[in-house]
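Novice: okay, sequence plus prediction incoming.
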Amino acid sequence: EVQLVESGGGLVQAGGSLRLSCAATGVSFDDFVIAWFRQAPGKEREGVSCRSTSGLSLAYADSVKGRFTISRDNAENTVYLQMNSLKPEDTAVYYCDARTYTFVGNYDYWGQGTLVTVSS
């Protein structure tokens with residue numbers, strides 16, 4: 001069974017930092033594109049950051065560029081989202097998404113989400 005488990009969310013003051021983790025079991029991240037999404041109360045889910053399978057291509061939403069960093073620990077099969085200089089508008093549930101496209105089918109796995117609350 002494939003599971004993605006996020007952790008690291010919590011309450012932080014504006015200007016603070018958090019590091020979110022997304023640990024995978026049942027699958028290796030080697031062949032997956034990994035992305036972080038977030039959904040704020042009353043808003044649609046939006047993409048935050050994305051990492052290619054090789055790690056050579058990274059992308060960030062304009063709203064987090066320069067403040068957030070996506071990375072991966074191959075040995076731990078875990079992807080991280082380092083969030084610095086947090087703002088109240090970063091408050092949301094953050095989700096990890098792993099997807100791959102193969103000859104036999106496409107696979108898309110989501111974690112359960114972790115809540116980040118930034119106080120002003």
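Specialist: Looks like it came in fine. Numbering: from 1, shown residues only.
Novice: now for residue 35, how many residues are close by?
Specialist: 21 (other C-beta atoms under 10 Å). C-beta: built from backbone N, CA, C; applies to glycine.
Novice: ok, it touching residue 108?
Specialist: No. Taking C-beta atoms under 8 Å as the definition, residue 35 is not a contact partner of residue 108, at 10.2 Å.
Novice: which other residues reach stretch 37-56?
Specialist: 30-36, 57-61, 64, 68-72, 79, 81, 89-95, 97, 100, 113, 116 (C-beta atoms under 8 Å, 6 or more residues apart in numbering).
Novice: just the strands in the chain please.
Specialist: 3-7, 10-13, 18-25, 33-39, 46-51, 58-60, 68-73, 78-83, 92-102, 105-110, 114-119 (DSSP state E).
Novice: dump the ones you listed to CSV, plus mean pLDDT.
Specialist: As requested, these are arranged in CSV below (pLDDT from 0 to 100):
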stretch, mean pLDDT
strand 3-7, 95
strand 10-13, 98
strand 18-25, 96
strand 33-39, 97
strand 46-51, 97
strand 58-60, 96
strand 68-73, 96
strand 78-83, 97
strand 92-102, 95
strand 105-110, 92
strand 114-119, 98
